[in-house]
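Chemist: Need the 3D shape of this:
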Amino acid sequence: MTRRPGYMQAGDALRALAALMVVVYHVLLGSALAAGSSWREAYGSATGTVGSHLNAGLYVFFALTGYFVGGRYVRAWMTGGPAPATGRYLSRRARRIIPAFWVFAAISILVLHPHRNSLADVASVFGFAQNYHRSVAASTIVQAWTLDIEAAFYLALPLLALALSRARAIRPVVMVATLMAAGAVSLAIAPRYPALTDSFSMSLPAMLWAFVPGLALAAAEPLLAPRSRRAWALVLLVVAAAGFALVMHISTAHNVAHCLAIVLFAGGLVAAALTWQWATGGMPRWAVNRVTNALGRWSYGIYLCHFVLSIKLVELAPAGASAKETALIAGPLTIAGSIAAAALSWRLLERPVLEWRSAPRPSLDATQGTVPSVAR
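Modeler: Numbers count the residues shown, from 1 in each chain. From the prediction side, this is the model:
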């Protein structure tokens, strides 16, 4: 395989893993709340500890965004070349996230809380600003708090590119160091606020550290890719596992140590996949295949629709059912239903919008004085 900067074979597999982790987390959480139990009471010490931290999967999405989306800008700054065309870039980002989000947000609000939503409530959800305007409408698609941060990241990149438009090429080592410093500043300011409970802690400055692993990998790619070894990937998998273990062990969520553990987990997974690819030119079939590729393509839809499905399915559990019994009923149905809905969303909405291209404007043929036909 030809080594191509910014290409990751296992990207879909990691997206699928991240989405399914969040789905299982919300099913387990909803089942425990319905039974009036704590995590440990509902599922036991070991299962409850693991289940209560599966939401760490969403940080894999941030790391992947840093590599795939931010990486294009990082590579431009390192080579001194032009940054992505702003109009085309923003159009692509908007087509990727807005249509499906608006559809699933509308469904979630109508199903879970169709009444007494103010215009500001609805506008904040549809305008990717629910982190800054608390409302019941936002709680119907609560997982979209991450999309608000991603949208801010998308907008920040071309603005930063404009500021750096006259800068000279930045060496990879300097770029990596700068990104690490920016992540350190973000980590330093984030824990001063109650994480994920106020507007600042759910803003891009306080969450920038979550994108840094992907950004740093994009910056370090010219240095690491030619020297990578298969053993490095295995070590990085161990680092990711250790990071998740630390996430479970640290009792105070979203302090500096907890955030660093998340960086080890999410960054370790992405780095392991990239390092294996750089070293071998491919990925194992168990990691990259038709199933993982399909689930990865559908992961955005899975992420958007699973919450409302899990709530309604948990409500259908028999009265008096334990949290385990409810989760065993609602879990498989939520996963299957989310995958089915996401597959339809991809086929009928997301892919057509992404592949849509405006027909070129007809131009006047100066020699004939006629307007030529436009090929479709």
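
Chemist: any idea of the pLDDT on the residue lying closest to N255 once chain neighbours are set aside?
Modeler: Residue nearest to N255 in three dimensions, not counting chain neighbours: P191, with 4.8 Å by CB to CB, 6 or more residues apart in numbering. For every residue, glycine as well, the C-beta is placed using N, CA and C. P191 is assigned 70 on the pLDDT scale.

Chemist: ok, P191 - how many residues close by?
Modeler: Close neighbours of P191, defined as other CB atoms under 10 Å, add up to 18.

Chemist: Quick check: it vs V256, distance?
Modeler: Distance, P191 to V256, using CB to CB, to the nearest Å: 5 Å.

Chemist: ok, the nearest residue to V173 once chain neighbours are set aside - how many residues close by?
Modeler: Spatial nearest neighbour of V173, excluding adjacent residues (CB to CB, 6+ apart): L223 at 7.4 Å. L223 has 12 neighbours, counted by other CB under 10 Å.

Chemist: Next: V238.
Modeler: A total of 11 residues lie near V238 under the criterion other CB under 10 Å.

Chemist: Can you classify it as helix, strand or coil?
Modeler: helix (DSSP: H, G, I helix; E, B strand; the rest coil).

Chemist: who's in contact with it?
Modeler: Contact analysis of V238 by CB atoms under 8 Å, 6 or more residues apart in numbering lists nothing.

Chemist: what's the answer for the one 4 residues further on, then?
Modeler: For A242, the contacting residues are 264, 268, by CB under 8 Å, 6+ apart.

Chemist: How far away from the center of its chain is the one helix or strand it maps to?
Modeler: In this structure, A242 sits in helix 230-249 according to DSSP states H and E. With CA atoms, centre = their mean, to the nearest Å as the basis, helix 230-249 stands 20 Å off its chain's centre.

Chemist: Quick check: the residue nearest to V173 touching R171?
Modeler: No. Applying CB atoms under 8 Å, one finds L223 not in contact with R171, separated by 9.8 Å.

Chemist: Could you pull up phi and psi at the most centrally placed residue in the chain?
Modeler: Centroid-nearest residue in the chain: F61, 2.7 Å away (criterion: CA atoms, centre = their mean). Main-chain torsions, F61, degrees, to the nearest 10: phi -60, psi -40.

Chemist: ok, it touching A16?
Modeler: No. Counting by CB under 8 Å, F61 does not reach A16; the two are 11.2 Å apart.

Chemist: other SSEs contacting whichever strand or helix holds I339?
Modeler: Using DSSP H and E, I339 maps to helix 323-345. Using 3 or more CB pairs under 8 Å, 6 or more residues apart in numbering; DSSP states H and E as the contact test, the elements touching helix 323-345 are helix 11-34, helix 39-43, helix 86-112, helix 290-315.

Chemist: Ok, which of the ones you listed comes nearest G281?
Modeler: helix 11-34 (16.0 Å; CB to CB).

Chemist: Could you check the angle the closest one makes with helix 323-345?
Modeler: 140 degrees (axes from the mean of the first three to the mean of the last three CA atoms, to 10 degrees).

Chemist: What is the distance between helix 11-34 and the centre of its chain?
Modeler: The answer for helix 11-34 is 13 Å, by CA atoms, centre = their mean.
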